[in-house]
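S.K.: let's see this in three dimensions:
(2 chains)
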Protein chains: 2
Amino acid sequence: MVKKRPVLKESEFFSKGQLYFLPHISIDCVIFGFHNNELKVLLLQWKETLKWCLPGGFIYRDEHVNDAAIRILKSRTGLEDVYLQQFYTFGDPQRDRGNHGVKQKKNSWINDRFITIGYWAIVEYSQVKPTADEFSKTCEWWDIDKVPKLILDHNDILKEALESLRKNVNEYPVGKNLLPPKFTMPDLQRLYETLLGKKLDRRNFQKKMLSLDILQRLKERKSGVAHKAPYLYKFDEKKYQRALKQGLKFGL
Amino acid sequence: MVKKRPVLKESEFFSKGQLYFLPHISIDCVIFGFHNNELKVLLLQWKETLKWCLPGGFIYRDEHVNDAAIRILKSRTGLEDVYLQQFYTFGDPQRDRGNHGVKQKKNSWINDRFITIGYWAIVEYSQVKPTADEFSKTCEWWDIDKVPKLILDHNDILKEALESLRKNVNEYPVGKNLLPPKFTMPDLQRLYETLLGKKLDRRNFQKKMLSLDILQRLKERKSGVAHKAPYLYKFDEKKYQRALKQGLKFGL
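M.R.: The predicted structure follows:
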């Protein structure tokens, strides 16, 4: 549940934001979007400098860090109940590198050093209504391999998020909210190929997926396919949820 | 390289530590020790309250967060060049739960809310000289399953660190600095069993380990064993380092 919070006007934010927010700590969200076998990332463009950045924000003084991430995600996408994964905290004192989204604000808390906590989420991007914040001109999806130079260390944060996402794809189930409720094995394979950024062997993929024991094969086949219609599958909700908690591989 | 930093006296620390350190952010280190097939964790006992806690500290205003963790690890163990893994940032505003190691200090920055960044390390504990800090009575190894009630949310942090360690053991090579340079397969198996907290099948373990291609079997066998002396192995340094970077399993 996200608590209602005061929304500061732009000038108030720079001059007295520190009364509401913790100083020196920010959050950045890498919001991945999947649609039509493409992977995208949601970026904001600053009004003042027209530079691009990840959606981010600050933590109210009495707010849980995870709730702040949920609030930021919701305000940029309209989505709630999204799988949001904290992946790393970036603490280089030089991480700003003078590459800011706003011009210097005199005597503002915002000029101080910030440590940022990184989260990623993955959403079906046709469900998202990208919404700019008060400092931004626009909020848009970008192809993952066409991302421009971003402010601060945001390109590095995106790179780490993508690595974390790909590791996660090998460890936890993925697909709910990204695929329709009923899908074919080729649909699922294309999702994995898009997220992992590489081609996968069809037979190995199917064998592996079935061995995970999170899929339920339906009696119906895909309609509108003349010849050798592929089976439809759905996720077994209970097993999927259990795998989300326990992970898919235990190795040794 | 760890930069020299001013060390504050106890009273100075509480009254003006915020001039040197970032407010609201701390670091906690979960230092696991392996020795004689036992897993231990390094704990400190506060002078004032005799309560136990994880070794931790704060971040100098111009210090990299990772350097702060290295500094804290070094000052409690004497060790440098240890594999140190950031695993999670704990951001519950209620994480102190009134369960402090020190009595309330009037008007001190230390009474504020702190978000803490968790790191874990694993060391051969006979190499460590446990060293208390200025606030602690003692610094000692504890059996992992006999850890007492700790201050704040430190028991939760320890639990998460152990989970992260075990996940890591399945993803990256482990053993260097924990085993002698030459070791037998049973030595290696006992290390894994201790870290994972469970028994492993001998044959599967050997097969899996050899398939990882990070071990080099030596011509000599273990001496002093009358009958069927086991082979000695060492890590292939190049392959070990590469596996540390790339991980051991790629799944799909």
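
S.K.: what average pLDDT does the longest helix along chain A get?
M.R.: Longest helix in chain A by number of residues (criterion: DSSP state H): helix A:154-171. Average pLDDT, helix A:154-171: 94.

S.K.: just the angle between that helix and helix B:154-169, please?
M.R.: Calculated by axes from the mean of the first three to the mean of the last three C-alpha atoms, to 10 degrees, helix A:154-171 forms an angle of 80 degrees with helix B:154-169.

S.K.: quick check: next helix or strand after helix A:154-171?
M.R.: Per DSSP states H and E, the first helix or strand lying C-terminal to helix A:154-171 is helix A:185-196.

S.K.: that next one - contacts with which helices or strands?
M.R.: strand A:21-35, strand A:38-46, helix A:154-171, helix A:202-211, strand A:231-235 (3 or more C-beta pairs under 8 Å, 6 or more residues apart in numbering or on different chains; DSSP states H and E). From N, CA and C alone the C-beta is placed, and that goes for glycine too.

S.K.: reformat the ones you listed as JSON lines; add mean neighbour count and distance to chain B.
M.R.: Below are the helices and strands packed on helix A:185-196 laid out as JSON lines (neighbours: other C-beta atoms under 10 Å in any protein chain shown; distance: least, C-beta to the nearest C-beta, whole Å):
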{"stretch": "strand A:21-35", "mean neighbour count": "23", "distance to chain B": "5"}
{"stretch": "strand A:38-46", "mean neighbour count": "21", "distance to chain B": "15"}
{"stretch": "helix A:154-171", "mean neighbour count": "18", "distance to chain B": "4"}
{"stretch": "helix A:202-211", "mean neighbour count": "13", "distance to chain B": "7"}
{"stretch": "strand A:231-235", "mean neighbour count": "18", "distance to chain B": "17"}
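
S.K.: nearest to B:Leu8, out of those?
M.R.: Proximity to B:Leu8, assessed across the helices and strands packed on helix A:185-196 by C-beta to C-beta, is greatest for strand A:21-35 (19.1 Å).

S.K.: what's the offset of the closest one from the middle of its chain?
M.R.: Remark: strand A:21-35 is offset 9 Å from the chain centroid, using C-alpha atoms, centre = their mean, to the nearest Å.

S.K.: report the buried residues of stretch A:134-150.
M.R.: Within stretch A:134-150, the residues that count as buried by 16 or more other C-beta atoms under 10 Å in any protein chain shown are A:135-136, A:139, A:141-142, A:144, A:147, A:150.

S.K.: which of those residues lies closest to chain B?
M.R.: Nearest to chain B among these, counting by C-beta to the nearest C-beta, is A:Ile144 at 18.2 Å.

S.K.: near chain B, which residues of chain A show up?
M.R.: Neighbours of chain B within chain A, by C-beta under 8 Å from any C-beta of the partner chain: A:22-25, A:59, A:61-66, A:68, A:86, A:88-93, A:113, A:115, A:117, A:167, A:169-171, A:192, A:196, A:200, A:205, A:208, A:247, A:249-252.

S.K.: and the gap between the closest residue to A:Arg76 other than its chain neighbours and A:Asp156?
M.R.: Of all residues not flanking A:Arg76 in the chain, A:Pro55 sits nearest, at 4.4 Å (C-beta to C-beta, 6 or more residues apart in numbering or on different chains). Distance of A:Pro55 to A:Asp156, computed by C-beta to C-beta, to the nearest Å: 16 Å.

S.K.: repeat that for A:Gln189.
M.R.: Distance of A:Gln189 to A:Asp156, given as C-beta to C-beta: 30 Å.

S.K.: below-threshold pLDDT in the stretch 151-252 of chain A: ranges please.
M.R.: A:225-226, A:249-252 (pLDDT under 70).

S.K.: tell me who's in contact with the closest residue to A:Leu196 other than its chain neighbours.
M.R.: Nearest non-adjacent residue to A:Leu196, counting by C-beta to C-beta, 6+ apart: A:Arg166, 5.6 Å away. By C-beta atoms under 8 Å, 6 or more residues apart in numbering or on different chains, the contact set of A:Arg166 is A:195-197.

S.K.: tell me which of those residues is nearest to B:Thr184?
M.R.: Distance to B:Thr184 across those (C-beta to C-beta) is lowest for A:Leu196, with 37.7 Å.

S.K.: what is the burial count for the closest one?
M.R.: Neighbour count for A:Leu196, taken as other C-beta atoms under 10 Å in any protein chain shown: 17.
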